[in-house]
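Enquirer: Next input, structure requested:
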Amino acid sequence: MSELETLQKQHEEKTQKIQELKKQIENAKQCLEEQKKKKKENPDEKKETFNNLSQKYNSLRDEYNAMLSERSRDQN
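Expert: Modelled structure (predicted):
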């Protein structure tokens, strides 16, 4: 496999991973919004669930941003 083909494959894999992360971020965001709207849950449970979802969202966001900057760096 030539160097160009290898780079193209790496680029495609990174692009696919970025799209997957984007979907996961949107799902986490939606869960956070739904969690905000729930009123019947115990306040402590609600707070714990919200914190867990927030951590997941932030983690996904960090990974997404890292992948974008890596892809951008690779293109230059």
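Enquirer: CA only for contacts and neighbour counts going forward, please
Expert: Noted.
Enquirer: Can you tell me the centre-most residue of this protein?
Expert: Nearest to the mean C-alpha position of the chain, by Cα atoms, centre = their mean, lies L60 at 3.1 Å.
Enquirer: Helices of the chain, residue ranges please.
Expert: Using DSSP state H, the helices assigned to the chain run over residues 3-37, 43-75.
Enquirer: want to throw the ones you listed into TSV with mean pLDDT?
Expert: Converted to TSV, the helices of the chain look like this (pLDDT from 0 to 100):
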stretch	mean pLDDT
helix 3-37	86
helix 43-75	84
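Enquirer: residues in contact with the residue nearest to the centre of the chain?
Expert: By Cα atoms under 8 Å, 6 or more residues apart in numbering, L60 lies in contact with L21, Q24, I25.
Enquirer: out of these, who's nearest E33?
Expert: I25 (12.3 Å; Cα to Cα).
Enquirer: surely the closest one meets S59?
Expert: No. With contact defined as Cα atoms under 8 Å, I25 does not reach S59; the gap is 9.2 Å.
Enquirer: residues in contact with Q35?
Expert: By Cα under 8 Å, 6+ apart, the residues touching Q35 are K46, T49, F50.
Enquirer: Compare those residues and tell me which is most surrounded.
Expert: F50 (18 neighbours; other Cα atoms under 10 Å).
Enquirer: quick one on the thing from earlier: quick one: which of I25 and S59 has more around it?
Expert: Here I25 and S59 are set side by side on neighbour count (other Cα under 10 Å), and the busier one is I25, at 19 against 13.
Enquirer: Tally up the residues packed near the closest residue to H11 other than its chain neighbours, please.
Expert: Leaving out its chain neighbours, the residue that sits closest to H11 by Cα to Cα, 6 or more residues apart in numbering is R71, at 7.1 Å. Applying other Cα under 10 Å, we find 17 residues neighbouring R71.
Enquirer: Over to the one 4 residues further on?
Expert: Other residues near Q75 number 9, with proximity taken as other Cα under 10 Å.
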